[in-house]
Each structure stands twice: as C-alpha cells, then as structure tokens.
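Enquirer: curious how this folds, go ahead:
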Amino acid sequence: MNEETVFLGKPAAVWSYLTFVGLLIAFSMNGESKNPFAAFHIRQALGLNILYVLLMVPMGFFNNLYISVPLFLSFFALWLFGIISAFQGKTQPVPLLGELFQKAFGKN
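Expert: Residues are numbered from 1 along each chain as shown. Below you'll find the predicted structure:
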C-alpha cells in the first residue's frame, strides 16, 4: 500500500474505531472510494464491535467483577492496538482475532 492510499484512508480508519456510530460513519466515508487501508480497519473494528456485544451483553447479567473487568480490559487493549495502528498508518491485525475478522468480513 502506498503512502497516498494510507493518507486518504486514515480518517475513515480512525473513525471506524470510535463507537458503533463511528463505524457507520467510516462505512459511508469508504462507500465510494473503496480505500483498502480504510477497509482493513473497518473490518477490524466491525469484528471488535460484534465480539464486544456478543460477550459483554450476556456478561452484564452475571454481575461478576472478576470476570467482566478483565474481559473489558482485554477489549480495551485490542481497541487501543487497532486505533494506534490506524493512526500510524499500519495494517496490523489485532492480536488473536484480527486474521479471523479479515477472513470473515473480507471479500472471498
């Protein structure tokens, strides 16, 4: 990926990590241009958002801090890794699950 592609896709890539609304904004920003850098980070953020809902919503019913706090901190670390790599212009998948997100949400 060249520097111009990264530069043009960086705003959408960063927006994708800023809550679910930011993810929707990033989808619309990347709708016509189809920037590969932005698309990479949109897939990463989409995977993190879906995984967060699938794990944290049921966790709220248990009200156990020994489970929910470490899980939340793990998600925060993955989110931080993703947004930092977007700011730096890198296409590094988030640890453990990033490759799975790329395969699941990428075009086959």
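Enquirer: center of the chain, which residue is that?
Expert: residue 45 (1.6 Å; CA atoms, centre = their mean).
Enquirer: and the pLDDT at it?
Expert: Residue 45 carries a pLDDT value of 94.
Enquirer: any figure for the gap between it and residue 102?
Expert: Going from residue 45 to residue 102 by CB to CB, to the nearest Å gives 12 Å. Every residue, glycine included, has its C-beta placed from N, CA and C.
Enquirer: could I get the contacting residues of the spatially closest residue to the residue nearest to the centre of the chain that is not a sequence neighbour?
Expert: Distances taken as CB to CB, 6 or more residues apart in numbering put residue 16 closest to residue 45, at 3.9 Å, once the chain neighbours are dropped. Residue 16 is in contact with 22-23, 26-27, 38, 41-42, 44-46, 86, counting by CB atoms under 8 Å, 6 or more residues apart in numbering.
Enquirer: among those, which two are most distant?
Expert: 27 and 86 (14.9 Å; CB to CB).
Enquirer: of these two, who's got more company?
Expert: Taking other CB atoms under 10 Å, residue 27 and residue 86 do not tie; residue 86 has more neighbours (29 against 17).
Enquirer: who's in contact with the more buried one?
Expert: 10, 13-14, 16-17, 41.
Enquirer: for residue 91, phi and psi?
Expert: phi -110, psi 60 (degrees, to the nearest 10).
Enquirer: ok, it touching residue 37?
Expert: Yes. If you go by CB atoms under 8 Å, residue 91 and residue 37 touch, sitting 6.5 Å apart.
Enquirer: mutual contacts of the two, please.
Expert: residue 1.
Enquirer: show me which of those two is the more surrounded one.
Expert: residue 37 (22 against 18).
Enquirer: low-confidence stretches in the chain?
Expert: 107-108 (pLDDT under 70).
Enquirer: try it again with 80
Expert: Filtered on pLDDT under 80, the chain yields the residue ranges 1, 60, 62-63, 107-108.
Enquirer: what's the closest non-adjacent residue to residue 85?
Expert: Per CB to CB, 6+ apart, closest to residue 85 is residue 92, 4.7 Å.
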